[in-house]
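> I would like to see how this sequence folds:
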Amino acid sequence: TKLKKELEVVMENSRKEAEKKAAESAKKAKSLEAAAHEAREEATKLKKELVLVVEDSKKEAETIAAKAAEKAKALEAAANEAREEATKLKTELTVIVESSKKEVETLATKAAENAKILEAAAHE
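From the prediction side, this is the model:
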């Protein structure tokens, strides 16, 4: 039962860690989704401004287009960073799960060994 409790603690800790990582990932995804929504709104706003500015001045229109390109580049960089972070989190989760599996296997092996020892002692 001690090994069983240890196993339960290890599994619970692994579950909590996985949930924590999943929550972090979801939070980052939500934040990126909000940023993308804001970017879409900003792009729509810039497009409307661009139409007005083209009527007034070609030079002014080129300036706004350059700003939009810079923002798109920044968003692309943020999206790449988010993908990298998601891959990193996935890797970390995989490591945690594999580590937990190994701990469980070790505890199970120890339990089996202890059972053999107890069985042998019982026969003596």
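> confidence score at residue 61?
Listed pLDDT for residue 61 reads 67.
> whoops, I mixed them up, residue 4
pLDDT recorded at residue 4 is 85.
> What residues does it make contact with?
Going by Cβ atoms under 8 Å, 6 or more residues apart in numbering, residue 4 touches residue 111. Bear in mind the C-beta positions are built from the backbone N, C-alpha and C, glycine included.
> Where does it sit, in terms of helix or strand?
Using DSSP states H and E, residue 4 sits in helix 2-56.
> Helix or strand next in line after that helix, which one?
With elements assigned by DSSP H and E, the helix or strand that comes after helix 2-56 is helix 58-123.
> how distant is the helix or strand of the chain with the lowest mean pLDDT from the center of its chain?
Ranked by mean pLDDT, DSSP states H and E, the weakest helix or strand in the chain is helix 2-56, scoring a mean of 88. The chain centroid and the centroid of helix 2-56 are separated by 8 Å under Cα atoms, centre = their mean, to the nearest Å.
> report the angle between the axes of that helix and helix 58-123?
170 degrees (axes from the mean of the first three to the mean of the last three Cα atoms, to 10 degrees).
> And residue 28, how far from residue 86?
The gap separating residue 28 from residue 86 is 8 Å, by Cβ to Cβ, to the nearest Å.
> what do you get for residue 71?
From residue 71 across to residue 86, the span is 22 Å (Cβ to Cβ).
> what does residue 48 give?
Distance of residue 48 to residue 86, computed by Cβ to Cβ: 33 Å.
> neighbour count winner among those two?
More neighbours surround residue 86 than the other of residue 48 and residue 86, with 14 against 10 (other Cβ atoms under 10 Å).
> nearest residue to the more buried one other than its sequence neighbours?
Distances taken as Cβ to Cβ, 6 or more residues apart in numbering place residue 25 nearest to residue 86, at 6.4 Å, with adjacent residues excluded.
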